[in-house]
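**Q** Predicted model and sequence below, questions to follow.
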Amino acid sequence: MSWTDERIDQLKAMWERGLTASQIAEELGGVSRNAVIGKAHRLGLQSRPSPVKANEAPKRAAAPARKPTPAAPEAETPRAAAPVSAPPPPPRPAAAPAAPAAPPAAPAADAASDAPTPAPQPRIISVGPGGFLRQGPGDQQAPIPPAPPRRLVPAKPSPEIADKTSLLDLTERICKWPMGHPGEPDFHFCGEAVNPGFPYCVEHCGRAYQAQLPRGTRRPPPPMPFGGPRVR
DNA sequence: CCCTGATTCGC
DNA sequence: GCGAATCAGG
């Protein structure tokens, strides 16, 4: 597979959406996780919190990766020997700007009665003639919430049956033994960890792979996948 | 073990 | 430019 404009666009979109390199690679198909990361960097899509990037002092100290250059390891570049003043971490706005406004929680006027925390009372706001939210004079709420410029992308996490392993969940090491009948609402896959080297878990490998029996030996056929032929 | 992204470097 | 191999942190 090559990096066509279209695939690059998809990569960019997913990368910016926060999908992991693995997910993106799986989505695009034909490329590895490394390919995705490599491409992303070449595109200048860097950043994104790396699990291994928390600290950033050592500069050049460790990580000669491959090719230790056995000849002259003394070619160091002692520059930037600054006493390490951890530079401000890259801004990480995280996600979900949900639940921003802290209820003003009327303080003073309380008194007397109990129920000191009527907090979970939703603010009453009116809707103006254009659909905008009208605010009271005292409201300091920003009229324009984060308004995510997010580009709309087809939702991948499809509304699947709870806890069931769907087709989209299958990976190299998840048992692909079908449970139920394809097309039915509760059709899913086993989902157990596979027996290494096989597409099924140990239990289902036992079903999928039968020892060759001596001729003449007949035994009741094991139940087929999908629970056997449909009975209608 | 699994995962993650970063980096290097032969091709 | 590409991506496998490797590193390194969670």
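**A** Received the coordinates, thanks.
**Q** The residue lying closest to A:Glu192 once chain neighbours are set aside: what's it in contact with?
**A** Sequence neighbours aside, A:Cys201 is the residue nearest to A:Glu192 in space, at 3.7 Å (criterion: Cβ to Cβ, 6 or more residues apart in numbering). To be clear about C-beta, it is placed using only N, CA and C from the backbone, and glycine gets the same treatment. Contacts for A:Cys201 (Cβ atoms under 8 Å, 6 or more residues apart in numbering) come out as A:Cys175, A:Trp177, A:Cys190, A:Glu192, A:Ala193, A:Val194, A:Asn195.
**Q** The last one and A:Ser166: what is the separation?
**A** From A:Asn195 across to A:Ser166, the span is 21 Å (Cβ to Cβ, to the nearest Å).
**Q** can you check the fifth one too?
**A** Relative to A:Ser166, A:Ala193 is positioned 17 Å away (Cβ to Cβ).
**Q** The fourth one too?
**A** Applying Cβ to Cβ, the value for A:Glu192 to A:Ser166 is 15 Å.
**Q** the more surrounded of these two?
**A** A:Glu192 (17 against 14; other Cβ atoms under 10 Å).
**Q** need the contact list for the more buried one.
**A** A:Glu192 touches A:Ile174, A:Cys175, A:Cys201, A:Glu203, A:His204, counting by Cβ under 8 Å, 6+ apart.
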